[in-house]
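Colleague: Pasting a predicted model and its sequence here:
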Amino acid sequence: MSKQKKNRADKPDNTVRSDYYHADWTIQSLWSKILQFIGRETEIPLEIQRRDAWTAPTKQSFLQSLFRGNQLMDFFFVDVKSAHASADLKEDKEYYEGKLINKIDWMILDAANRCRTLKAFLDDKEHFTGTIPYTDQQSGHLKYMIVEKRYWKDFPLSSQAIIRQIQVGVKVIVSASREQLHQRFQDLNRNLTLNRQELRNAIFRPASGIVRDISLTDRGMADSALNALYSDGQLKRMADDIFVAHLLTWCYHGLSGTSLDDDTVDSLYLDANRTRLDTAAIQVEVILGVLRVVFASAKESPKPSVVYSFIIAMDELNLWRNIKNVDVLAIYKDFKKKHNGFIGESHREISLAQKKGKVLDIKKTYARIEGNVKPKDGHAMVRVKWADVRKTMATQNDIPSIQAAFHNNGAALRAPA
């Protein structure tokens, strides 16, 4: 190691910033200080980081870049003891103190998936297929060989020695408030592969914790609605949190007609009133309670787009306000009968209007009921049609079967207390 690099690795570079120092660590140092202690003295903070979302090809690509010595983005770690000592605000001091009480010395602020992958590989839980370096015994020169599904323990000793000495850039944060940690994570990842919800998760506002807590509570239940709605791959990318964030947005604004575009959901995270958020969170838990009852009796796997429509149909029929006196299973059964017909009917009406060169007059506030997927006009009309059903129920003597679901049967729904 050159004298310049040795100095850089041994002490902070205060010419860069005062709240962190930059160093070059070898893979061996990364393992001995950070990786081997993940889940113990090293924490991946769920209140900031995204989940274990990397696919097998992404993991292999990262390891290949590492073994070739390619330049990687810096690893960001938080020195908890230093951050605690330098904390000014009481809540920041208590935050870091809680970490220290739990014997956490380091936090991985950025590069969690890289750390998970490298730890799994060095623990022989992840194999590698690709090109690895080795030292030719005759010439002593560095060369490369191709291996297939090879574990770390099976690498040639010269390959292990070379890889251990590969250097990566590390930034160690020694002073930062909680809010600064959240903001730095967002700044580092804003233009990368994280989806909108993975970035929202790191926003230092009450909505972030509320969404996480509701998702974790539901997914911990045997009859979880969110586990029924989404695959493991979707859950890794926080599809459950997206759904809960959408429900929270709806409930916060009064549900009916609220847009779910990204800017509207973001504003809930950034500017929402805490008291109204807590009230909306209770309503979200009630909706999830209804979905758990419904999904437990449904024979088919629920589709998110249909579930969004069901929630809106319930809203248009004014059923959420009287939910403890509603037989939700009967409602859902009747909804499924009408829903597909409404979709087809709506598309036919739009198609006919387009042929005549007309534009249907539908309010923009009714236009989005399928989450991040750009809605079709037909879905907007479905909301209008369910509103028509409600009007029909109020005016006709020949009451549709859906009203028969109203009865004083609190046992039909086990709503959260």
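Modeller: Perfect, thanks for sending it.
Colleague: Can you verify residue 175 is assigned to a strand?
Modeller: No. Read with DSSP: H, G, I helix; E, B strand; the rest coil, residue 175 is coil and lies in no strand.
Colleague: got a pLDDT number for it?
Modeller: Residue 175 carries a pLDDT value of 95.
Colleague: What values do phi and psi take at it?
Modeller: phi -150, psi 120 (degrees, to the nearest 10).
Colleague: quick one: the residue nearest to it when sequence neighbours are not counted and residue 186, what's the gap?
Modeller: Nearest-residue entry for residue 175: residue 86, 4.0 Å, with adjacent residues in sequence omitted and distances by C-beta to C-beta, 6 or more residues apart in numbering. Glycine gets a C-beta too; all of them are placed from N, C-alpha and C. Distance, residue 86 to residue 186, using C-beta to C-beta, to the nearest Å: 22 Å.
Colleague: Start from the N-terminal end of the stretch 101-250 of the chain and give the strands.
Modeller: Secondary structure of the stretch 101-250 of the chain (DSSP state E, counting those that start in this stretch): strands located at 106-110, 128-135, 142-150, 167-173.
Colleague: Please produce TSV containing these, extended by mean neighbour count and distance to residue 202.
Modeller: Formatted as TSV, the strands of the stretch 101-250 of the chain follow (neighbours: other C-beta atoms under 10 Å; distance: least, C-beta to C-beta, whole Å):
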stretch	mean neighbour count	distance to residue 202
strand 106-110	22	10
strand 128-135	17	30
strand 142-150	12	35
strand 167-173	19	15
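Colleague: Tell me which of these lies nearest to residue 79.
Modeller: strand 167-173 (5.4 Å; C-beta to C-beta).
Colleague: I'd like to know which elements the closest one is packed against.
Modeller: strand 20-26, helix 27-33, strand 75-79 (3 or more C-beta pairs under 8 Å, 6 or more residues apart in numbering; DSSP states H and E).
Colleague: and if we set it to 6 Å?
Modeller: With contacts defined as 3 or more C-beta pairs under 6 Å, 6 or more residues apart in numbering; DSSP states H and E, the packing partners of strand 167-173 are strand 20-26, strand 75-79.
Colleague: Partner strands of the last one and their direction?
Modeller: Listed by DSSP bridges, the sheet partners of strand 75-79 and their directions read strand 106-110 (antiparallel), strand 167-173 (parallel).
Colleague: taking the mean pLDDT, what do you get for that strand?
Modeller: Mean predicted confidence for strand 75-79 is 96.
Colleague: same deal with the first one?
Modeller: Averaged across strand 20-26, pLDDT comes to 94.
Colleague: Next: stretch 218-234.
Modeller: 91.
Colleague: centroid residue for the chain?
Modeller: A centroid search over the chain (C-alpha atoms, centre = their mean) returns residue 238, at 2.7 Å, as the residue closest to the centre.
Colleague: Quick check: closest non-adjacent residue to that residue.
Modeller: Of all residues apart from its sequence neighbours, residue 197 sits closest to residue 238 (C-beta to C-beta, 6+ apart), at 4.4 Å.
Colleague: quick revisit: now the residue nearest to the centre of the chain: how far from residue 24?
Modeller: 33 Å.
Colleague: and if you look at residue 228?
Modeller: Relative to residue 24, and taking C-beta to C-beta, residue 228 is found at 47 Å.
Colleague: Now stretch 305-321: buried residues?
Modeller: For stretch 305-321, a neighbour-count test (16 or more other C-beta atoms under 10 Å) marks 306-317, 319-320 as buried.
Colleague: Distance from that stretch to the middle of the chain?
Modeller: 24 Å (C-alpha atoms, centre = their mean, to the nearest Å).
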